[in-house]
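Undergrad: what's the 3D shape of this:
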Amino acid sequence: MKYTDNDTLLLPADLNEILEDFGSLLENHTGFKDRESIYGSYKRNRKSLLVIFPLKVHPIHGITGLRAYEKYDDNGYVSKYEYRWMIIVPKQGIQLHHIISWGNEPHDDPDTPEEYRVNSEPHHHHYDPENRKNRCDNWDVRCLRDAFEFVKTYIESGEPYTGHR
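TA: Numbering: from 1, shown residues only. Sure, this is the predicted structure:
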């Protein structure tokens, strides 16, 4: 979906719909025992969602997953989100497991370096698998469905994600 502003109200992920539409991309891995897995006891309540969807093995990136974090406001809308395609086996630090991510954590502090400022603030895209600090505008991915649509192309084709804006 293409977003044209920063004020669109974001709805919580419908996990049943996500599983129905993207279940063919998922795979349970014996080396992945994370409690936040969609196959485990992931966290969902009226305030937040935290879940990892283990994906089919990618020929370049290996065993990856799509991690979804959503925080909900008092009206049930998403007030904060992060969707991260990451290497899940072997378990690594944030920079080493990073492939790509999208979020809306504000980075509007006056001391934020110019190269990290974006026009879509607070929505941003960590597009560089080699350097998670690099950020650009995010007008395309602001919900779990959008993130799955993006990642689906790479899982199905086997092409590597090499980073682009």
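
Undergrad: name the single longest strand found in the protein.
TA: strand 78-89 (DSSP state E).

Undergrad: what about that strand, average pLDDT?
TA: The pLDDT scores in strand 78-89 average 96.

Undergrad: any idea how far stretch 142-157 is from the middle of the chain?
TA: 9 Å (CA atoms, centre = their mean, to the nearest Å).

Undergrad: which parts of that stretch are buried?
TA: The neighbour-count check on stretch 142-157 (16 or more other CB atoms under 10 Å) flags 142, 143, 144, 145, 146, 147, 148, 150, 151, 152, 154, 155 as buried. For every residue, glycine as well, the C-beta is placed using N, CA and C.

Undergrad: same question, stretch 27-40
TA: Those would be 29, 32, 34, 36, 37, 38, 39, for stretch 27-40 by 16+ other CB under 10 Å.

Undergrad: span of it from start to end?
TA: This stretch, stretch 27-40, spans 13 Å end to end (CA to CA, to the nearest Å).

Undergrad: next one: it to chain centre, how far?
TA: 17 Å.

Undergrad: as a whole number, average confidence for that stretch?
TA: 83.

Undergrad: before we move on, the earlier item: taking the buried residues of stretch 27-40, tell me the two that lie furthest apart.
TA: 29 and 36 (13.9 Å; CB to CB).

Undergrad: which one among the buried residues of stretch 27-40 gets closest to residue 11?
TA: Nearest to residue 11 among these is residue 38, at 19.0 Å by CB to CB.
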